[in-house]
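Trainee: missing the sequence, but the structure's below:
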């Protein structure tokens, strides 16, 4: 772990670290916000997964989350969205390859060698964070768009690992929408049976843990239909009896202005769960 | 005026507009945040001047100011930092030309043709804003670094025009520091007598209006010495009896993480003055 940025922020410290990831076989960067409370005590961690084209920078510079993390005493950890660096597989288009890991463990060549973002985010990253920072080893997870999908899948596939989960504008049914179908065909192959374990709408059908899903979705989101489809999640949760708090927000779009407007409510939600 | 972006944000609207500027003879962009209160009533305006290399985007995406503007019912207006576009004079280096207007009215060729950012910011821009948006025609001004200099000079040269002024990490003595000396030689010529009317430390010596200067300055700011020199302003204000609230902030640097940490206090300060 090498620290490459540090800035005082809201009484705490916004840092950027890089480390050699074993899971991904490349050097990865992550944003870490340490609230002022970490000077005296261990704190719980909220993981944030960003969306397509993002790096570790977008959330830490645009969401305004540090203010709320400082209020509630939460550490924020924001990793990159795919493996990075020379030799990492890539493809044409913003929605496959670099910046588009989709938080799955790829099974298809050439992706399977390094595109293991689910394992990275749910296993290697927390182990690293809990070694290097003063954490209580309690975790929650959130994210935006592709990262909202990543957060929901991370929580649903790993019962007991997260105290709470939330998402902004998530891709809830990747198997049924263009972004997800394109990515899953590349990363997981054309047998759609293999897609089910990476699809929130499928996973809620028999989730062993009834962790409530807190979701904010802008009604003016330019990707609402056909990419995001919260209606499919609403139906799946109703069918399965899985708790869902889906808040449709009139006028809001897919941008960080939307995230900045409601990240305070999400952080308060996670802080309450992490205290509980 | 043409609107080129609009995003719901904290109950209001973050917009970006472009217009043909007469003062600058080019097309200019500006960020405008309309808080929810503008749906029902006119609001006061806080102008924000950004620093070197910035456009109208930096403040609106990184400062997290909209939350506080929505709380207090202030319109935020953030213009670009220089004339822009094909044919606009430029030079080598980030600190002269595009992105580096220094908020002066240039007298030297080739700059004098378009680099009239002081006139633009203090005259054309407020006239435009007060025509197009529901304002109370009351104004305050703030800014960062080069824009902190611009805000202080705008207030000191135009008594009665602003209800309050503040700055983050401002260049307070451009005549005495490398950034200012380089820019002023280009824009105003080598006769340093002409520089005095664009230099906060000189202007406070005989300001006709005793508008208090609220300034936040990070102690870990990488430009503190030799570029910013708050000590020179402290001495000048003491000598002149000009009210100064200079807050040195331990650990903070020159970045937007610093601005985001204290912009709420600045907006509260301006809101109080604008209500008064």
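Mentor: Alright, I've got the coordinates. As the structure is a prediction and not an experimental result, all values here were calculated from the model.

Trainee: So which residues of the stretch 1-150 of chain A form helices?
Mentor: A:57-62, A:66-72, A:117-119, A:125-132, A:146-157 (DSSP state H, counting those that start in this stretch).

Trainee: Between those, which one is closest to chain B.
Mentor: helix A:57-62 (5.5 Å; CB to the nearest CB). For every residue, glycine as well, the C-beta is placed using N, CA and C.

Trainee: helices or strands next to the closest one in the packing?
Mentor: strand A:12-21, strand A:26-34, strand A:75-79, helix A:256-275, helix B:57-62 (3 or more CB pairs under 8 Å, 6 or more residues apart in numbering or on different chains; DSSP states H and E).

Trainee: Give me the contact list for it.
Mentor: A:14, A:16, A:31, A:33, A:48, A:50, A:65-66, A:76, A:78, A:144, A:256, A:259-260, B:61-62, B:256 (CB atoms under 8 Å, 6 or more residues apart in numbering or on different chains).

Trainee: quick one, what contacts residue A:262?
Mentor: Per CB under 8 Å, 6+ apart, neighbours of residue A:262: A:168, A:216, A:249.

Trainee: Which single residue of the stretch 1-150 of chain A ends up nearest chain B?
Mentor: residue A:64 (3.5 Å).

Trainee: burial count for the closest residue to that residue other than its chain neighbours?
Mentor: Sequence neighbours aside, residue B:64 is the residue nearest to residue A:64 in space, at 3.5 Å (criterion: CB to CB, 6 or more residues apart in numbering or on different chains). Residue B:64 has 24 neighbours, counted by other CB atoms under 10 Å in any protein chain shown.

Trainee: pretty sure residue B:64 contacts residue A:259?
Mentor: No: using CB atoms under 8 Å, residue B:64 is not in contact with residue A:259; the gap is 11.3 Å.

Trainee: hmm, back to that, nearest to residue A:178, of the helices and strands packed on helix A:57-62?
Mentor: helix A:256-275 (21.3 Å; CB to CB).

Trainee: That closest one: how far from the chain's middle?
Mentor: For helix A:256-275, the separation from the chain centroid amounts to 14 Å (computed by CA atoms, centre = their mean, to the nearest Å).

Trainee: same question, stretch A:21-37
Mentor: 13 Å.

Trainee: in that stretch, what's buried?
Mentor: Using 16 or more other CB atoms under 10 Å in any protein chain shown as the test for burial, stretch A:21-37 gives A:21, A:23-24, A:26, A:28-37.

Trainee: got the residues you listed as a markdown table, with pLDDT columns?
Mentor: Output for the buried residues of stretch A:21-37, formatted as a markdown table (pLDDT from 0 to 100):
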| residue | pLDDT |
| --- | --- |
| A:21 | 98 |
| A:23 | 98 |
| A:24 | 98 |
| A:26 | 98 |
| A:28 | 98 |
| A:29 | 98 |
| A:30 | 98 |
| A:31 | 98 |
| A:32 | 99 |
| A:33 | 99 |
| A:34 | 98 |
| A:35 | 98 |
| A:36 | 98 |
| A:37 | 98 |
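
Trainee: Switch the residues you listed over to CSV; also include distance to residue B:133.
Mentor: Compiled in CSV, the buried residues of stretch A:21-37 are given as follows (distance: CB to CB, whole Å):
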residue, distance to residue B:133
A:21, 49
A:23, 51
A:24, 49
A:26, 49
A:28, 45
A:29, 40
A:30, 41
A:31, 36
A:32, 40
A:33, 35
A:34, 40
A:35, 37
A:36, 38
A:37, 41
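
Trainee: Turn those into a markdown table, including distance to chain B.
Mentor: Converted to a markdown table, those look like this (distance: CB to the nearest CB, whole Å):
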| residue | distance to chain B |
| --- | --- |
| A:21 | 26 |
| A:23 | 30 |
| A:24 | 28 |
| A:26 | 27 |
| A:28 | 22 |
| A:29 | 17 |
| A:30 | 16 |
| A:31 | 11 |
| A:32 | 13 |
| A:33 | 10 |
| A:34 | 12 |
| A:35 | 12 |
| A:36 | 11 |
| A:37 | 16 |
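
Trainee: from the residues you listed, which single one is nearest residue B:7?
Mentor: residue A:31 (22.8 Å).

Trainee: Bridge partners for the closest one, pull those for me.
Mentor: Under DSSP bridges, the beta-bridge partners of residue A:31 are residue A:16, residue A:78.

Trainee: isn't it right up against residue A:9?
Mentor: No: using CB under 8 Å, residue A:31 makes no contact with residue A:9, being 10.9 Å away.

Trainee: Go ahead and confirm residue A:214 touches residue A:170.
Mentor: No: applying CB under 8 Å as the test, residue A:214 and residue A:170 come out as separate, 10.7 Å apart.

Trainee: More neighbours: which of the two?
Mentor: residue A:170 (31 against 21).

Trainee: Provide a list of residues in contact with the more buried one.
Mentor: If you count contacts by CB under 8 Å, 6+ apart, then residue A:170 has A:143-145, A:147-149, A:151-152, A:200, A:215, A:228 around it.

Trainee: burial count for the residue in the stretch 101-250 of chain A that chain B sits nearest to?
Mentor: The stretch 101-250 of chain A approaches chain B most closely through residue A:220 (6.8 Å), counting by CB to the nearest CB. The tally of other residues near residue A:220 (other CB under 10 Å) stands at 15.

Trainee: cool, and the one 4 residues further on?
Mentor: Burial measure for residue A:224: 18 neighbouring residues, criterion other CB under 10 Å.

Trainee: Any idea what the most centrally placed residue in chain A is bridged to?
Mentor: Geometric centre of chain A, nearest residue: residue A:49, 2.5 Å, by CA atoms, centre = their mean. Residue A:49 has these beta-bridge partners by DSSP bridges: residue A:143.

Trainee: Can you check the pLDDT for the closest residue to residue A:205 other than its chain neighbours?
Mentor: Counting by CB to CB, 6+ apart, residue A:240 is the residue found nearest to residue A:205 once chain neighbours are left out, at 5.1 Å. What the model reports as pLDDT for residue A:240 is 97.

Trainee: and residue A:240, what is it in contact with?
Mentor: Residue A:240 makes contact with A:204-207, according to CB under 8 Å, 6+ apart.

Trainee: Same check on residue A:243?
Mentor: A:210-213, A:237.

Trainee: How about the residues of the stretch 151-276 of chain A by chain B?
Mentor: Proximity of the stretch 151-276 of chain A to chain B, by CB under 8 Å from any CB of the partner chain, involves residues A:218, A:220, A:249, A:251-253, A:255-258, A:260-261.

Trainee: can you redo the residues you listed as CSV with pLDDT and distance to residue B:190?
Mentor: Compiled in CSV, those are given as follows (pLDDT from 0 to 100; distance: CB to CB, whole Å):
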residue, pLDDT, distance to residue B:190
A:218, 98, 55
A:220, 98, 54
A:249, 98, 57
A:251, 98, 54
A:252, 98, 53
A:253, 98, 50
A:255, 98, 46
A:256, 98, 45
A:257, 98, 45
A:258, 98, 51
A:260, 98, 46
A:261, 98, 50
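
Trainee: Give me the buried entries from those.
Mentor: By neighbour count, with 16+ other CB under 10 Å, these hold A:218, A:249, A:252-253, A:255-258, A:260-261 as buried.
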